[in-house]
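K.L.:
I'll drop the sequence and a predicted model, then ask my questions.
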Amino acid sequence: MTSAILLHPALILIIGALLLPLLRGAARNVAVLAIPLLALAALWLLPEGRPWQVQWLDYSLAPLAVDKLSRLFATIFALMAFGGGLFALRQESRLEIPAAYLYAGSAIGVALAGDLITVFLFWEFMAVGSTLVLWSAGTPLAWAASRRYVGVHLAGGVILFAGIAGHIAQTGDVAFTAMQADSIAHWLILAGFLINAGAPPFSAWLPDAYPEASWSGTVFLSAFTTKTAVYVLLRGFPGAEILIWIGIFMIFYGIVYALLENDMRRILAYSIVNQVGFMVTGIGIGTEMALNGAAAHAFTHIIYKALLLMSAGAVLAATGRRKCSELGGLFHSMPLTTICGTIGALAISSFPLTSGFISKSMVTQAAIDGHLQMVWLFLAAASAGVFLHAGIKFPWFVFFQKDSGLRPADPPASMRWGMILFAFLCIGLGVWPDPLYAMLPYAVNYVPYTAAHVITQLQLLLFSGLAFFVMLDYLKRTPTITLDFDWLYRVAGPALARRLGGRLSQARAGLDGLAREGANRMTAQIHQHRRPDGLLSRSWPTGGMALWVMVLLLANLVFYYLG
Amino acid sequence: MSHLVIAPLLLPLCAGIVLLMLRHLDIRLRRALALTAVLAQIGVAVALTRAVADDAILTYALGAWPAPYGIVLVADRLAAWMLLITTILALFPLWHASHGLDTRGRHFHVLYQLQLFGLSGAFLTGDVFNLFVFFEVLLLASYGLVLHGGGGERTRAGLHYVVINLAGSSLFLIAVGALYGLYGTLNLADLARMMPATPAENLGPARAAGLLLFAVFALKAALLPLYLWLPAAYASTSAPVAALFAIMTKVGAYAILRASTLLFGAEAGGLAGLLDAWLLPLALATLVIGLLGVLAARHLREQAAYMVVASVGTLLAAFALGSHAGLAAGLYYLPHSTFAAAAMFLLAERIAAARGAQADRFEVGPRMTGEYWLGALFFCAGILIAGLPPLSGFIGKFLILQAALAHPARAWILAVVLVGGLLALIALARVGSLFFLRVDRHRDDSPALPVPVAPAVGLLLLGLGLTVAAGPVHDFAAQIAEQLLQPRLYIDAVLGGRP
């Protein structure tokens, strides 16, 4: 058991994160790269099963439960931590990499958790780690965004907590197994998971917060929260039909808002929602092929989305600009960044020979196999949409298009190598998908490279590419804001609260005034009657007293006669 | 008749008297003496807890006068548990105060020991009248402690505290008089024995007396709407005193728990469940109000004071469930919330000292010396209080929610406790980011006085201990709850099984 604790990959990353701030110079750089690799090695040394179980209160917890699905997600999280750490090696903020490793370690912790209490524990750690990553950007905008971000995530955590408590009370069992959305507790758990996945109506937290992180912080943020949510949905709610429609909504939400957006990293953030939509749809379809597809797509998506955000981060670090309308023509001086960004863009559009092709087509295939024509139609249309907003729009406006006159150089070596590593993985997995297929939870008998698949995909892409350039004038971005659901809690809510607060303060001030006035009047009266010559403490002349006694006696006499 | 039962009273009383007589002694010796006395009290409390851990309820008849005629002290598991928590807590503020606060006024150590004397007495006494007496003792000592160190703001808030508690005491006396008039006894066990047989014509006055008693306890516990004295008093007094006072509200909670299980429990006939209708709604409302205060606070000590209010709400909501699981959850939550709140008060002073002119107000301030460690400590205290996993706050809240699921009003309890936790988290996240991240890097004020950080760390470690030892602690809490739900045991132990 002790060896199991030592080898827990999540703890390796988290403890590493806590030790990192103590290191300086070369030792720190080595540690940044070594910690994720150690975690990865530990992960693959673990046998399948539940090597570590603890008794806690009345429950038996399994903080370490390894099977194919959890290993797949833990692997990509560790890989991502490595790539991100490499890319962020020159980040000035000393908080960011430790926070990111805490975040990555917690994501691995969720992936390896065998019971709901451990899931929740790491779930909250993740919220903390990701908020710290946001904070480490250190700008006022990031600070404001992080406050909204942490609010949404803590609320999600609370909903999840309520669901888990209810689940345990109903079943008496804490094991994390597949559930049906059939009771309030399970609906709450599902809602908690979906909030982290960026599902409607709370999708807006993602494009609101992620682009405010530092040039390297966004790379980390893009990978863990949403994909952990995909993992827990895969494990907890496979085949829940509602997920199909939620997923399709997310796909189109991402496309529409990304097309309207001007900020390059916000475009990519919207496209995270869109890509997670594909995975959620796959989980909703729920066949073995679909679940495999969702898992594989999460794996490849982490890599190419990180690659895209790395290239965007390199541009941001070099130019300090983030708006599409202020960028362009960077391919002159940033050839490597352009190439890597384009590879990422091709992968996200599922171009043949890239990693996106071999994973996304599994989800579409599952829709065909399940005779879900409508779903298939949506997915196909969405594929074209993805190519429009992320595949062409991002590289075209940032690297090509008009010449903005900017001539920044390619980024420093650590950032270059981070991008090269992930670009290599994008192509590698696309050309040779078998290692990935072997890691998937169910046996794969799917061949991506058939003539029909390739031709369909190319047709789709070429026509949408044509559409892009034909309608280029409409797609040119202007510096505008697009309203989203978050308007409700960013503008309407606070405005309402201010008005209510104002009223309440007025009412309270009024009450205070009344109370004070009453108290003053009372003290004044007491004072008036009891001061040295007041009515009640003055010394009365005896004659006066005698007079009053006589009056009373007379009154008595009168009453006596009347009675 | 074991003398162990009266030891927790004699120790602080003697220590207080000795410290008073030796008031011209070197301050370092007096500090050592006071700390030793508290350590000895912890030892006694541990011994007492061990002695009552099996089913025994120890009683001590003063002057060997048998109950209900004489004065009797009763140590059951609940009393021992409260005593243990109090004495352990008391060590840390005293340690903190020994770094200089105790010289900024007179008789700090004497008052501190007398405060402990009053607290121990309140937990151990077996009759209502002595409960009143010990309440007065601890209040008298607390008046001195609240005002210790002086200052305009402190005196104003302290005066408020004194006046409201005097009013509470007179109400207490009226309630005690009414009970004596009705039953001819004030011994708790004797009252519990006679209450089920209350004649119908006396039920009205008895209920009135019971509710009056509840009002007094609610005032001590800072239950809505009687909490208004707390935030100002706690926020403006010195940090160690505020930290010690984290237990003061729990005295009220203890009295409510004792009354609702022993006097108004299920077997109390016409008076059964007298407090139930009031306790749960008031507890939840207190929680909400406390959290609104947490959100609206303007400086950290005020925020910590509102957290005390909120924690009382949570605690009494757990007690109000009335079930075995609810009581056990509450009794686990009680030490956690006490230690966490005390740690927050001590940390707040350290942070205020490190921020120079900004003190602990929620404004952008200078960079603090040692901000890394302070930030880590604040973070730990925050997740401890807000109930984020994995620390004891989470376990306590989890246990309470588990217990609440069996209650008819579960939707309300769940909603309030969970949303409350969320609000606390958001408030703390806001404060943490403001203090440690949005700093004005161009200013560099050096701290005014070195405030020790070790006592706060010690309290946080206690929270960690409650997390690691959650199993055994919760088991003991469950045993306490079991004993509380069988008032017959208490009555028999005190009255020796006489009819």
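P.N.:
Ah, there it is.
K.L.:
give me the residue from the stretch 251-400 of chain A nearest chain B.
P.N.:
Closest contact between the stretch 251-400 of chain A and chain B, by Cβ to the nearest Cβ, is at residue A:320 (20.2 Å). C-betas here are computed from N, CA, C, even on glycine.
K.L.:
what's the burial count for that residue?
P.N.:
11 (other Cβ atoms under 10 Å in any protein chain shown).
K.L.:
who touches the helix or strand where residue B:383 lies?
P.N.:
Per DSSP states H and E, residue B:383 falls inside helix B:371-386. Helix B:371-386 has contacts (Cβ atoms under 8 Å, 6 or more residues apart in numbering or on different chains) with A:21, A:128, B:307, B:311, B:336-337, B:340-341, B:343-344, B:347, B:350-351, B:354, B:368, B:388-389, B:391-393, B:421, B:424-425, B:428-429, B:432, B:435-436, B:439, B:453, B:456-457, B:460, B:463.
K.L.:
So the closest residue to chain B within the stretch 401-550 of chain A, which state does it fall into?
P.N.:
Using Cβ to the nearest Cβ, the closest approach of the stretch 401-550 of chain A to chain B is made by residue A:501 at 9.1 Å. Classification of residue A:501 using DSSP: H, G, I helix; E, B strand; the rest coil returns helix.
K.L.:
burial of it, as a residue count?
P.N.:
Using other Cβ under 10 Å, residue A:501 has 12 neighbouring residues.
K.L.:
From residue A:493, how far out is it?
P.N.:
Going from residue A:501 to residue A:493 by Cβ to Cβ, to the nearest Å gives 12 Å.
K.L.:
swap in residue A:140?
P.N.:
For residue A:140 relative to residue A:493 (Cβ to Cβ), the value is 20 Å.
K.L.:
again, but for residue A:424
P.N.:
46 Å.
K.L.:
And for residue A:284?
P.N.:
31 Å.
K.L.:
right, and residue A:312 touches residue A:263 too?
P.N.:
No: look at residue A:312 against residue A:263 with Cβ atoms under 8 Å: they stay out of range, at 9.7 Å.
K.L.:
The residue of chain B most remote from its centre in helix, strand or coil?
P.N.:
Computed with Cα atoms, centre = their mean, the residue of chain B farthest from its C-alpha average is residue B:442, at 42.0 Å. The local conformation at residue B:442, judged by three-state DSSP, is coil.
K.L.:
Check residue 447 and give its pLDDT.
P.N.:
Unless you meant another one, I'm taking chain A. As predicted, residue A:447 sits at a pLDDT of 85.
K.L.:
Actually, chain B is the one I wanted.
P.N.:
Taking residue B:447 on its own, its pLDDT is 55.
K.L.:
ok, now residue B:238?
P.N.:
pLDDT at residue B:238 comes out at 90.
K.L.:
Not including adjacent chain positions, what is the nearest residue to it?
P.N.:
Counting by Cβ to Cβ, 6 or more residues apart in numbering or on different chains, residue B:149 is the residue found nearest to residue B:238 once chain neighbours are left out, at 5.1 Å.
K.L.:
That neighbour contacts residue B:101, doesn't it?
P.N.:
Yes: using Cβ under 8 Å, residue B:149 is in contact with residue B:101, at 6.6 Å.
K.L.:
overlap in contacts of those two?
P.N.:
Between them, residue B:149 and residue B:101 share the contacting residues residue B:238, judged by Cβ under 8 Å, 6+ apart.
K.L.:
now the helices for the stretch 301-450 of chain A?
P.N.:
Along the stretch 301-450 of chain A, counting by DSSP state H, counting those that start in this stretch, helices occupy A:335-348, A:355-369, A:373-386, A:393-399, A:413-431, A:434-439.
K.L.:
go on, the stretch 351-499 of chain B?
P.N.:
For the stretch 351-499 of chain B, the helices defined by DSSP H, counting those that start in this stretch occupy B:371-386, B:392-404, B:410-436, B:454-468, B:470-484, B:487-495.
K.L.:
Could you dump those helices into JSON lines with mean pLDDT, mean neighbour count and distance to residue A:258 added?
P.N.:
Converted to JSON lines, the helices of the stretch 351-499 of chain B look like this (pLDDT from 0 to 100; neighbours: other Cβ atoms under 10 Å in any protein chain shown; distance: least, Cβ to Cβ, whole Å):
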{"stretch": "helix B:371-386", "mean pLDDT": "86", "mean neighbour count": "21", "distance to residue A:258": "36"}
{"stretch": "helix B:392-404", "mean pLDDT": "88", "mean neighbour count": "25", "distance to residue A:258": "38"}
{"stretch": "helix B:410-436", "mean pLDDT": "87", "mean neighbour count": "20", "distance to residue A:258": "29"}
{"stretch": "helix B:454-468", "mean pLDDT": "91", "mean neighbour count": "20", "distance to residue A:258": "44"}
{"stretch": "helix B:470-484", "mean pLDDT": "92", "mean neighbour count": "19", "distance to residue A:258": "47"}
{"stretch": "helix B:487-495", "mean pLDDT": "90", "mean neighbour count": "20", "distance to residue A:258": "67"}
